[in-house]
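# fold the stuff below for me.
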Amino acid sequence: MNVLDTFEDDETYKCFLSTEYDAEKYANSIIASSTVSQTLQALQIGVEKLNFALEEHVSEHYEDLINQATGMDILEESLAIVKTRIDQLQRSMTTIKKRLSEPYNQMTMRTQQLGRLQKTCDVLRRVTRIQYLTKRLKQQLDGGIKEITKTSQTFNELQYLYGDGDLEGIEVIDKDLDWVKKARANMEVQAEQLLSQGLSSFNQNQTSTALQVFNSIGTLQTIVSKTLQSKCGSVQQDLKSALAGSYEQSYNGTAPGGANIGNTAAWRANLWTSLDKWSNNISSQYNQIHVLHRTLVRRRDASSQKTLLEECNVTPIQTFVSAVSNALQQELRNINSSAKQALNMEYPKALRLVVSLWNHFSAKLDVEGLEDVTLPNINIREVLTPFQCTYLARSLNRLLDPVNIAFPGKTVPSTSEIESIVRIMVSELTAARGDEELKKLSTNNILKAIRDILNKCESLVHHGSGINDITSAPTQYHIKNIQVINVLCTLHCKLEEVPADLNAGRTEVWNMISDNVNSLLDPFRSQIEHILNTIHDTDFGFDKQDITDCSTYINLIEETINHLVSNYLSQLSNKTTVLPKLQDFQDSLISLYLHHLCAVRPLGEGGKMMIATDIAEMERVLGGLLDEHAVSEQFKVLRAFRAVLFLSVEDLCTVRNVPRPMLLNHLFSRAGDALLSPYKVAGWTPSQYVAWLYSHPYEIVDMIQGTIQWYEDMIRESGAPAFDPIYPHIIKLLQS
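Okay, the predicted model is just below:
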């Protein structure tokens, strides 16, 4: 182990290895601890160890130490030789310096003389050129505005030649310097006038000429910024005057709080006139900025080939539009109460004014050279949001107030009141025309009003047990329900005149009409169903005979239908609207009647004749439900079934204008007693079977197949010699 490592692990010697060792502090601590003799003895031992380590190290590296000592002698000899040569080099440099000093001094003097000659020549050339340009400038100024572009180029060159004033004091040009400055000032005035005239008349040629002049004399950025500041600076003040100044003009200085109510209409007219003028003025100024921006894009600097827009580093269109947006935000936020009330009441007009202004801004960008220009990302509608909220709230009140007036308590409103409500809806949408978003919001208000009407109508409808009593004249409940239907029909028809997408509202109205018409017709449907159930109590199995009259059930149905038409449907003021519901009612009765006829069993030739007579009478009776004698699909099936009654079994299987389930059920009517009808197999009555057929139209064929399967199993078990003659035709029809 190294002796130093040993000392580092020993507390006695460790302090001597520290960089912060202080001999005086160490001695004082030893004396204070009264261990002087022990410490001295330890130090002696340490010194001996260190001496021994040094001797050992020297002995181990003896050869290296001898070599290093010899190298020192050689190094001293080499340094002596180098020093001698350096002295020689210094003496040589001194000699060379003496030889070069004189030529260098002469060269320096000649260089200074040449520089003065070159500067003098440059001054002479500049003076000569200035004199020439001054003379040419006078000629160009005589040419007036036509020569202003060349004049500006001359001024630009003169400005370059005059430099930083280093030609001052030369009398030959000093005498023309003041004249040149005045002439330049006059030309700048002319150029500003030309620029103003070009922008005002939207003349790109004049604007381009003026901008080239300012670019030539180096003031393009200044004049463009000045023009923008002039246009943008007046925007907010003009808007403030339009919103407040018009009020003062209308009332001759009367404060807003003391406004004369009689002059409110005149003041509002004046307000909108002022705002229209402000909008027109903004459009005109924007058109000027548009000409300026487009000219800056299309013209280039002759030397750098950059566009003038890049040279002046401004964005006129974006700057102006931002100024207009900021003015609207600030002024509409701090608007006076009277103007605020006017904007709240006529918000659509304010919206059209602002949106048309922004549309004008956007439309002007669709030209060559401005494809890359985009307007600032500003949602201008947010500025008008407070006015929009107030306007929509008032609009909803204007819609709901007449609804509340039209429904006082339990009284059904008149047709004229409903028409008046719809006219108000049309008026609200007319006010929102031209703006799809506002029209959508107004449409939502109209839908709320429609739903309010529906809620109030629902509260007037009677749904109690008395509504099912149709044995005599209509009760007061029937009459009120029919009046509600009339109101809803009027509303449904009039909503078609509203210029908006009110499909959702009209659907809700129609659904309520449908529910109420169903509620009116359901008792009659139930009564007719009960009458149709009596068909199976009639014997239709007799042979052919003369048929002089129809069945009793037809007379009962006719009485019911006549009672419905004369006492109930006659009170509908707009029967055309509910015509689809009456058509559905008629079709449902025909479908139910056909199912009953198909289930009639047994059926003889005389029975067929009677049913054919009944069908003809049923057509006449059910036809009375509708004023329009349109033939529905169910009517066609009913007429076709009358012909089916007299077809042979073979021909019956080829019929296509009668539904297959009806034909299958009718075939059972022609079968023998062994081939039971499906309802008998199921253990049902004919009425129960017909009710099931009516409510399960897609499961009829499956039930008939089940009946046939039962019949086949029964024949096999009984050992009957053959199937019923109708059986193969049923199978054929099932497989068709």
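# Gln206 is in contact with Thr295, correct?
No. The pair Thr295 / Gln206 is not scored as a contact, 9.6 Å apart, by Cβ atoms under 8 Å. Just so you know, the C-beta spots here come from the backbone N, C-alpha and C atoms, and that holds for glycine as well.
# those two - which one has more neighbours?
Comparing Thr295 with Gln206 by other Cβ atoms under 10 Å, the one with more neighbours is Thr295, at 27 against 21.
# assign that one to helix, strand or coil.
Under DSSP: H, G, I helix; E, B strand; the rest coil, the three-state class of Thr295 is helix.
# report the helix or strand with the lowest average pLDDT across the protein.
The weakest-scoring helix or strand in the chain, judged by mean pLDDT, DSSP states H and E, is helix 246-251 (a mean of 41).
# mind listing what's buried in the helix or strand hosting Asn359?
Element membership for Asn359, per DSSP states H and E: helix 347-363. By neighbour count with 16 or more other Cβ atoms under 10 Å, helix 347-363 contains the buried residues 347-348, 350-352, 354-355, 357-358, 361.
# which residues are in contact with the next helix or strand after that helix?
Remark: after helix 347-363, the chain's next helix or strand is helix 385-406, criterion DSSP H and E. For helix 385-406, the external contacting residues (Cβ atoms under 8 Å, 6 or more residues apart in numbering) are 332, 340, 343-345, 347-348, 350-351, 381, 413-414, 417-418, 420-421, 424-425, 428, 438, 441-442, 445-446, 448-449, 452-453, 456.
# so how far is helix 385-406 off the chain centroid?
Averaging C-alpha positions (Cα atoms, centre = their mean, to the nearest Å) puts helix 385-406 25 Å from its chain's average.
# any idea of the angle that helix forms with helix 347-363?
Angle of helix 385-406 versus helix 347-363, following axes from the mean of the first three to the mean of the last three Cα atoms, to 10 degrees, is 140 degrees.
# and stretch 592-603, C-alpha only, in CSV?
Taking C-alpha atoms only, stretch 592-603 is exported to CSV below (Å, rounded to 0.1, in the frame of the first residue of the first chain):
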residue,chain,number,x,y,z
LEU,A,592,-112.0,-6.7,-42.3
TYR,A,593,-115.0,-7.3,-44.4
LEU,A,594,-113.0,-9.4,-46.9
HIS,A,595,-111.5,-11.5,-44.1
HIS,A,596,-115.0,-12.3,-42.9
LEU,A,597,-116.2,-13.2,-46.4
CYS,A,598,-113.2,-15.5,-46.9
ALA,A,599,-114.0,-17.3,-43.6
VAL,A,600,-117.7,-17.9,-44.5
ARG,A,601,-118.5,-21.6,-44.5
PRO,A,602,-120.4,-23.4,-45.9
LEU,A,603,-120.8,-21.5,-49.2
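# list the buried residues in it.
Judged by neighbour count using 16+ other Cβ under 10 Å, the buried positions of stretch 592-603 are 592-601, 603.
# ranges for the helices of the stretch 1-150 of the chain?
Remark: helices assigned in the stretch 1-150 of the chain by DSSP state H, counting those that start in this stretch are 3-9, 11-14, 23-33, 36-60, 62-142, 148-162.
# can I get those helices in CSV including mean pLDDT?
Shown next, in CSV, are the helices of the stretch 1-150 of the chain (pLDDT from 0 to 100):
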stretch, mean pLDDT
helix 3-9, 71
helix 11-14, 71
helix 23-33, 75
helix 36-60, 78
helix 62-142, 77
helix 148-162, 62
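# now name the helix or strand holding the residue positioned nearest the centre of the chain.
In the chain, the residue lying closest to the centroid (Cα atoms, centre = their mean) is Glu437, at 10.2 Å. If you go by DSSP H and E, Glu437 is part of helix 436-460.
# returning to that earlier point: in helices only, show me the buried residues of stretch 592-603.
The members of these that map onto helices under DSSP state H are 592-599.
# so can I have JSON lines of these showing distance to Cys232?
As requested, those are exported to JSON lines (distance: Cβ to Cβ, whole Å):
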{"residue": "Leu592", "distance to Cys232": "80"}
{"residue": "Tyr593", "distance to Cys232": "82"}
{"residue": "Leu594", "distance to Cys232": "82"}
{"residue": "His595", "distance to Cys232": "82"}
{"residue": "His596", "distance to Cys232": "86"}
{"residue": "Leu597", "distance to Cys232": "87"}
{"residue": "Cys598", "distance to Cys232": "86"}
{"residue": "Ala599", "distance to Cys232": "89"}
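# closest one of the residues you listed to Arg670?
Among these, Cys598 lies closest to Arg670 (Cβ to Cβ), at 11.1 Å.
# which non-adjacent residue is nearest the closest one?
Nearest residue to Cys598 in three dimensions, chain neighbours excluded: Asn665, at 3.8 Å (Cβ to Cβ, 6 or more residues apart in numbering).
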